[in-house]
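**Student:** the sequence and its predicted three-dimensional model are supplied below.
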Amino acid sequence: MTIRTIAVSVLLGLPAALLAHAGVFHGNHTVGGAAHGILVILSIVCAALAAAAALSPRSLRRLGAAPPVAGTIASAAVWFAFIELRESPHTIAVLPCFVAVCLAAWIVIIAWHGFARAADGVARQFFARLRPPFRQFATICRTPVHAFGSLSPTYRLFSRPPPV
C-alpha cells in the first residue's frame, strides 16, 4: 500500500460519508448543520482530487493503485463521525449507519474504478494513434552505430561459411 492509495482512500471517504448520510437520514436534514455548503464543496474537491489521482500516469499504467475498500470504509466512518459531531445532538442507530457507510464506500470505489478504467481506455486510444511515428523513430535509434574505422560491418558478411 502506497501513500497515493492511502491519500485516495481518505479523499474518497468524504463523498462516501455524505452518500451514507443521505442514505441513513433520507435527506430529512442537512449534513453538518450550518457547515452544509462547505462540506458539499469540500466533498466535490476531494472527489476531483481523487479523480486527478486516477489520471496520473502511474495509475493509468496499472489499475492496482486503486484505494483499498477497507481504507475507504475507515475513512468514510471517520468523516461520518466528524459530520455527526458537528450537527446538533440526535439519536442514531450505529449498525444501520455502519452498513450505510460500508455500502456507500463500496459504491464510491466502484465509481472511481469506472472512471479510472474509462480514463485508461481514452489514454490508450489517444496514444495508440501516436504510436506509429514513435515506433519508426525507435527503430531508427536502435540501428547499431559503429565506431569510426570499425570493420565489424565488413566482417558481418563473412561471419559464417557459405551455404552448401
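**Tutor:** That came in fine, so what should we check first? Note that the structure is predicted; figures quoted are calculated from it, not measured.
**Student:** show me the contacts for the spatially closest residue to W79 that is not a sequence neighbour.
**Tutor:** Among residues not flanking W79 along the chain, A17 sits closest, at 3.6 Å (Cβ to Cβ, 6 or more residues apart in numbering). Every residue, glycine included, has its C-beta placed from N, CA and C. Going by Cβ atoms under 8 Å, 6 or more residues apart in numbering, A17 touches 76-77, 79-80, 83, 101, 104.
**Student:** which of these sit farthest apart?
**Tutor:** Across the contacts of A17, no pair lies farther apart than I83 and A104, at 12.4 Å, counting by Cβ to Cβ.
**Student:** more neighbours, the two?
**Tutor:** A direct count of neighbours by other Cβ atoms under 10 Å for I83 and A104 places A104 higher, at 26 against 20.
**Student:** one step back: distance check, the residue nearest to W79 against R124.
**Tutor:** Using Cβ to Cβ, to the nearest Å, one obtains 33 Å as the distance from A17 to R124.
**Student:** what's the closest non-adjacent residue to S75?
**Tutor:** Ranked by Cβ to Cβ, 6+ apart and with sequence neighbours excluded, the top spatial neighbour of S75 is G13, at 2.7 Å.
**Student:** element containing that neighbour?
**Tutor:** helix 3-25 (DSSP states H and E).
**Student:** that helix: what's the following helix or strand?
**Tutor:** According to DSSP H and E, the helix or strand after helix 3-25 is helix 36-54.
**Student:** quick one: average pLDDT of that next one?
**Tutor:** For helix 36-54, mean pLDDT is 84.
**Student:** that one vs helix 3-25, what angle?
**Tutor:** 140 degrees (axes from the mean of the first three to the mean of the last three Cα atoms, to 10 degrees).
**Student:** which strands or helices does helix 36-54 pack on?
**Tutor:** For helix 36-54, the packing partners by 3 or more Cβ pairs under 8 Å, 6 or more residues apart in numbering; DSSP states H and E come out as helix 3-25, helix 94-142.
**Student:** which of these comes out lowest on mean pLDDT?
**Tutor:** Of all the helices and strands packed on helix 36-54, mean pLDDT reaches its minimum on helix 94-142 (a mean of 77).
**Student:** hang on, the earlier thing: highest average neighbour count across the helices and strands packed on helix 36-54?
**Tutor:** helix 3-25 (a mean of 22; mean count of other Cβ atoms under 10 Å).
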